[in-house]
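> Need the 3D shape of this:
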Amino acid sequence: MDHPSSIVLVHGDSRAELRPATGGALAGWRWRGRDLLRPAPAGATVRQMACYPLAPYSNRIGQAILRVPEQHYTLRANFAPEPHSIHGFGWQRAWQVANHTSDSAELFLAHAADADWPYACTVRQTVALDDAGLRLSLSVTNDDTRAMPAGLGFHPYFPLTPGLRLATQWDGLWRAGGDRLPLDLAPQPQSAPFATPQPVAGWHADDCYSGWRGEASLHYPDYVLRMSASDNCRHLVCFAPNDERNFIAIEPVTQANDAFALAARGARDTGMRLLAPGESLSIAMVLAVEEVQHA
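Residues are numbered from 1 along each chain as shown. As a prediction, the model looks like this:
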């Protein structure tokens, strides 16, 4: 087992490139000559990739302090200059390849307790192409002797092109403060803004939404990309900078940002999970592509 720099997957009209040594990330996914995810440039860092896994938590742990019942742990602030820990350790490690075929690959990451995460655990992900499109799965197993807090997510980046419209549904917004950490959960009627496909040009967001229905669609001029995620992905992080980077990130996740601290304060519906020793948490996401037929 090793950490190859690149694995190319091919199925029909689809081609994807996986970078196990760079955070287990996808460098790109092309279909019929189109980049369906933001393609990574030459020499890309993991933050420039097309998609990467979030494990064993998503988004931020405030001030890099992990709060679990009756215990606090100081983590490494791993995203300078922010004082927080972000997205777990998976995106900053080289993954091993368990097996792969012409159109699928299984990666894993065995973790011993360290400054990034004080619990032993194993993370696994599979990436597969099929007739529908791209399928991803991700799991974490608690290998420790203690109960372990956990969360998972996917961080895909989609090209922001003229005419792109988004449709998805949620029912709440975790309102954030100046430190980009959530303050409270506010109801947000789905009449605003994306109950039906709406343009994303000019939409600025870096927010976590609650009560996500597990489906979203991105409507491009000549194709539609339909996202579906497992039922335990009840939160959705949207990052839409609408600047020269020309991407939009739509991230299915199991938990709110800073969920462990929110739960410690008594907040509800944070998605925070505690895994018993030997217990696992798993999620999946499908990106299905459909060509638009013009009259």
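
> Would you mind listing where the stretch 1-150 of the chain has pLDDT under the threshold?
1-3 (pLDDT under 70).

> So in terms of bridging, what pairs with the closest residue to residue 30 other than its chain neighbours?
Leaving aside its chain neighbours, residue 30 sits nearest to residue 15 (4.9 Å; criterion: CB to CB, 6 or more residues apart in numbering). Every C-beta, even on glycine, is put in place using the N, C-alpha and C of the backbone. In this entry, residue 15 is beta-bridged to residue 10, residue 30, by DSSP bridges.

> Check the one 10 residues further on too.
Partner residues in beta bridges with residue 25, using DSSP bridges, are residue 19.

> wait, isn't it in contact with residue 19?
Yes. With contacts counted by CB atoms under 8 Å, residue 25 reaches residue 19, the gap being 5.2 Å.

> Now the common contact residues for the two.
Here residue 25 and residue 19 have 40, 49 as joint contacts, going by CB atoms under 8 Å, 6 or more residues apart in numbering.

> what's the residue nearest to residue 30 in contact with, if anything?
Here residue 15 is in contact with 8-9, 29-31, 129 (CB under 8 Å, 6+ apart).

> Now for those: which two are most distant?
Largest separation among those by CB to CB: 8 and 31, giving 14.3 Å.

> more crowded one of the two?
residue 31 (22 against 13; other CB atoms under 10 Å).

> my guess is that one meets residue 133, correct?
Yes. Judged on CB under 8 Å, residue 31 makes contact with residue 133 at a distance of 7.4 Å.

> okay, and the common contacts of the two?
Shared contacts of residue 31 and residue 133, counting by CB under 8 Å, 6+ apart, come down to 14, 289.

> List the buried residues for the longest strand anywhere in the chain?
In the chain, assigned by DSSP state E, the strand with the most residues is strand 280-291. Buried positions in strand 280-291, judged by neighbour count with 16 or more other CB atoms under 10 Å: 281, 283-289.

> Need these in JSON lines (columns: distance to residue 262 and pLDDT).
Shown next, in JSON lines, are the buried residues of strand 280-291 (distance: CB to CB, whole Å; pLDDT from 0 to 100):
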{"residue": "281", "distance to residue 262": "18", "pLDDT": "98"}
{"residue": "283", "distance to residue 262": "20", "pLDDT": "98"}
{"residue": "284", "distance to residue 262": "25", "pLDDT": "98"}
{"residue": "285", "distance to residue 262": "24", "pLDDT": "98"}
{"residue": "286", "distance to residue 262": "29", "pLDDT": "98"}
{"residue": "287", "distance to residue 262": "29", "pLDDT": "98"}
{"residue": "288", "distance to residue 262": "33", "pLDDT": "98"}
{"residue": "289", "distance to residue 262": "36", "pLDDT": "97"}
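
> Save these as a markdown table, and put in distance to residue 40 too.
Listed next are the buried residues of strand 280-291 as a markdown table, based on distance: CB to CB, whole Å:
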| residue | distance to residue 40 |
| --- | --- |
| 281 | 28 |
| 283 | 23 |
| 284 | 23 |
| 285 | 19 |
| 286 | 22 |
| 287 | 17 |
| 288 | 22 |
| 289 | 19 |
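
> Which pair of the residues you listed spans the longest distance?
Across these (CB to CB), the longest gap, 28.0 Å, separates 281 and 289.

> sorry, back to before: kindly indicate which of the contacts of residue 15 lies nearest residue 266.
residue 29 (41.1 Å).

> what's the spacing between the closest one and residue 37?
5 Å (CB to CB, to the nearest Å).

> Between these two, which contacts overlap?
50-51.

> So those two - more neighbours on which side?
Comparing residue 29 with residue 37 by neighbour count (other CB under 10 Å), the higher total belongs to residue 29, at 26 against 23.

> Verify the stated contact: that one with residue 50.
Yes. Under the criterion of CB under 8 Å, residue 29 makes contact with residue 50 at 6.2 Å.

> Identify the contacts common to the two.
residue 37.

> how close does the residue nearest to residue 30 get to residue 26?
11 Å.

> Now for the residue lying closest to residue 176 once chain neighbours are set aside, how many residues are close by?
Nearest residue to residue 176, sequence neighbours excluded (CB to CB, 6+ apart): residue 182, at 5.4 Å. By the criterion of other CB under 10 Å, residue 182 has 25 neighbours.
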